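S.K.: Fold the following for me, if possible:
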Amino acid sequence: MPRVPKVILLIESSRASGRALLRGIADYSRHHGPWSFSWEPAGLEKAQPLLETGDADGIILRDTEQAEAIAAYGLPTVVVGHRSTEVPGMVNVVTDSEAIGRLGADHLSGCGFKHFAFCGYEKTSLENTTWSDIRRESFSQRIQAAGFENPPQYKLSMSGRDWSKDWRSLANWLKALPKPVGVMACNDDCGKRVMEVCKLTGQTVPDRVGVIGADNDEVVCGLTDPPMSSIAINFERAGYDAAHALSGLMQQAYTGPSRIMAAAAHVAARRSTDFVAADDLHLAKALRFIRDQARRCGVSVDEVAGFAGLSRRMLENRFRKLLGRSVLDEIRRVRTDQIAQLLVETDLPVAQVADLLGFADMRHIARYFRAGKGVSPLAYRKTYGSPAPVGWHSRNGDSFPQSGVVAALPQS
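M.R.: Now for the predicted structure:
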């Protein structure tokens, strides 16, 4: 019998990101293994005996502070970056923080907000929050490129050393922002803090403050009131790719990149950003109609104008003045994003996606999608979709969301 490789996993599972990484690793093992796992979410100490006996063949760890100690054992190693920067000489898994910042900016501006802000984490001696800074910089650049002012920022302590005092400082910052304002938080935990303070100070979400986080942890997002919008990151695919890299390292045959990117797939829109330019009731009605009806093919500009109670010319003028795009541009954007959601979140054949959204055939949907995203549907799925084997139907059930906007990764 061939020897089964033994792999140590030092990956916590208290958050959806860690569980998704583990799913991706397990999926790779099922189809390319088998591997024997020693999973120690508590950290290096529990894995020490296995390391010292030399009985392990490789390791994937989340906490980069332990990378130097691991390197001393000479094991093939993949580091999933979280607290610090990339570890030289090792294969690193990193999140695409620049794309995350762009997605947040595009989503909030697409909702009709005219004022923006960013809430991130401060750096400490224990936490190097480079990823938070990158997301803020990308968010700010995107907002300014759209013609708005540089968004102000606030930095929370990651340690939560004294939240009973810290929340007052955050509250004062939020109160001073011009309203209504769209706030991007660097991750879901940070966004949850922002929404807690909004509730404590009577600042209604999303009418006064719209909030979007990142990681799309459904538990964290569901615990906020209202539920929080968030940027979904494909950690499952990153886990699969990390396992593939480790397999090559263990066989001394890895020739791939030293950086594996956890791609920002799309925005999971929830009620925390359901703003749709509430200060203009006609525009709000038009946007809601597009979001509710864009699943069906053939939604016309005249139809949208009639529902909004304006002439086509007046509606076009408001769209261009307040959103910087035409009514038809918005219809196409929403439909393209719905295609992207199905490509990322399900394994439905492209022909079936076309049928669900009312396209005549695969060629029609391919032209439509490429015009919006710059790539074909199959190329988009290959980059941002799940590594799940062909034949899986959908990780989220058979139904397609009835409402809500899903903003997929810009190709710029």
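S.K.: Output the longest helix belonging to the chain as PDB - backbone C-alpha positions only.
M.R.: Longest helix of the chain, by residue count under DSSP state H: helix 327-345. In PDB, the C-alpha atoms belonging to helix 327-345 read as follows (Å, rounded to 0.1, in the frame of the first residue of the first chain):
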ATOM      1  CA  VAL A 327     -31.000  53.700 -17.300                       C
ATOM      2  CA  LEU A 328     -30.000  51.100 -19.800                       C
ATOM      3  CA  ASP A 329     -26.500  50.900 -18.300                       C
ATOM      4  CA  GLU A 330     -28.100  50.200 -14.900                       C
ATOM      5  CA  ILE A 331     -30.300  47.400 -16.300                       C
ATOM      6  CA  ARG A 332     -27.300  45.800 -18.000                       C
ATOM      7  CA  ARG A 333     -25.100  46.200 -14.900                       C
ATOM      8  CA  VAL A 334     -27.700  44.400 -12.700                       C
ATOM      9  CA  ARG A 335     -28.300  41.600 -15.200                       C
ATOM     10  CA  THR A 336     -24.600  41.100 -15.600                       C
ATOM     11  CA  ASP A 337     -24.100  40.900 -11.900                       C
ATOM     12  CA  GLN A 338     -26.900  38.300 -11.600                       C
ATOM     13  CA  ILE A 339     -25.100  36.200 -14.200                       C
ATOM     14  CA  ALA A 340     -21.900  36.500 -12.200                       C
ATOM     15  CA  GLN A 341     -23.600  35.500  -9.000                       C
ATOM     16  CA  LEU A 342     -24.900  32.300 -10.600                       C
ATOM     17  CA  LEU A 343     -21.500  31.500 -12.100                       C
ATOM     18  CA  VAL A 344     -19.800  31.900  -8.700                       C
ATOM     19  CA  GLU A 345     -22.300  30.400  -6.300                       C
END
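S.K.: what's next to the next helix or strand after it, contact-wise?
M.R.: Using DSSP states H and E, the helix or strand that follows helix 327-345 in sequence is helix 350-356. The contact list for helix 350-356 (C-beta atoms under 8 Å, 6 or more residues apart in numbering) reads 295, 339, 342-343, 346, 348, 360-362, 364-366, 377-378, 381, 400. To be clear about C-beta, it is placed using only N, CA and C from the backbone, and glycine gets the same treatment.
S.K.: Could you do stretch 25-35 as well?
M.R.: 4-7, 9, 37, 60, 236, 239-240, 242-244, 247, 387-389.
S.K.: circling back to that earlier point, quick one: which of the contacts of helix 350-356 has the lowest pLDDT value?
M.R.: Among the contacts of helix 350-356, Phe400 has the lowest pLDDT, at 33.
S.K.: Measure how far the longest helix of the chain is from the centre of its chain, please.
M.R.: 16 Å (C-alpha atoms, centre = their mean, to the nearest Å).
S.K.: related to what we said a few turns ago, identify those among the contacts of stretch 25-35 that sit within strands.
M.R.: 6-7, 9, 37, 60 (DSSP state E).
S.K.: how about those residues in a markdown table, adding neighbour count and pLDDT?
M.R.: Shown next, in a markdown table, are those (neighbours: other C-beta atoms under 10 Å; pLDDT from 0 to 100):
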| residue | neighbour count | pLDDT |
| --- | --- | --- |
| Lys6 | 16 | 92 |
| Val7 | 25 | 93 |
| Leu9 | 25 | 92 |
| Phe37 | 17 | 92 |
| Ile60 | 26 | 92 |
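S.K.: Rebuild those residues as CSV, extending it with distance to Asp189.
M.R.: Output for the ones in strands among the contacts of stretch 25-35, formatted as CSV (distance: C-beta to C-beta, whole Å):
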residue, distance to Asp189
Lys6, 33
Val7, 29
Leu9, 23
Phe37, 27
Ile60, 23
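S.K.: returning to what we had before: just the buried residues out of the contacts of stretch 25-35, in ChimeraX syntax.
M.R.: Selecting the buried subset of these in ChimeraX, with 16 or more other C-beta atoms under 10 Å as the burial test, is done by:
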select :5,6,7,9,37,60,236,239,240,242,243,244,247,387,388
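S.K.: which of the contacts of helix 350-356 are buried?
M.R.: Buried subset of the contacts of helix 350-356 (neighbour count, 16+ other C-beta under 10 Å): 295, 339, 342-343, 346, 348, 362, 365-366, 377, 381, 400.
S.K.: Pick out whichever of those sits closest to Cys186.
M.R.: Nearest to Cys186 among those: Leu343, at 26.5 Å, using C-beta to C-beta.
S.K.: where's that closest one relative to Arg23, distance?
M.R.: Separation of Leu343 from Arg23 (C-beta to C-beta, to the nearest Å) stands at 19 Å.
S.K.: before we move on, what about Asp292?
M.R.: In this view, Asp292 and Arg23 are 33 Å apart by C-beta to C-beta.
S.K.: Neighbour count: these two, which is higher?
M.R.: Between Asp292 and Arg23, counted using other C-beta atoms under 10 Å, Arg23 has the larger neighbour count: 19 against 15.
S.K.: Help me confirm that that one is found in a helix?
M.R.: Yes. Under DSSP: H, G, I helix; E, B strand; the rest coil, Arg23 sits within a helix.
S.K.: got a list of what it touches?
M.R.: Arg23 neighbours (C-beta under 8 Å, 6+ apart): 236, 239.
S.K.: Which parts of this protein are strands?
M.R.: Per DSSP E, the chain carries strands over the ranges 6-10, 36-39, 58-61, 77-80, 91-95, 115-121, 153-156, 181-185, 209-214, 229-233, 259-262, 264-268.
S.K.: How far away from the center of its chain is the fifth one?
M.R.: Centroid displacement of strand 91-95 relative to its chain, using C-alpha atoms, centre = their mean, is 16 Å.
S.K.: Skipping adjacent residues, who's closest to Asp215 in space?
M.R.: With sequence-adjacent residues excluded and distances taken as C-beta to C-beta, 6 or more residues apart in numbering, Asp215 is closest to Asp188, at 4.7 Å.
S.K.: Would you confirm that that neighbour contacts Ser230?
M.R.: Yes. Counting by C-beta atoms under 8 Å, Ser230 is a contact partner of Asp188 at 5.6 Å.
S.K.: Contact partners for Leu223?
M.R.: Leu223 sits next to Lys192 when contact means C-beta under 8 Å, 6+ apart.
S.K.: swap in the one 10 residues further on?
M.R.: With contact set as C-beta under 8 Å, 6+ apart, Ile233 has these partners: 17, 95-96, 100, 214-216, 262-265.
S.K.: which of the residues you listed lies closest to Pro76?
M.R.: Closest approach between the contacts of Ile233 and Pro76, by C-beta to C-beta: Ala262, at 20.2 Å.
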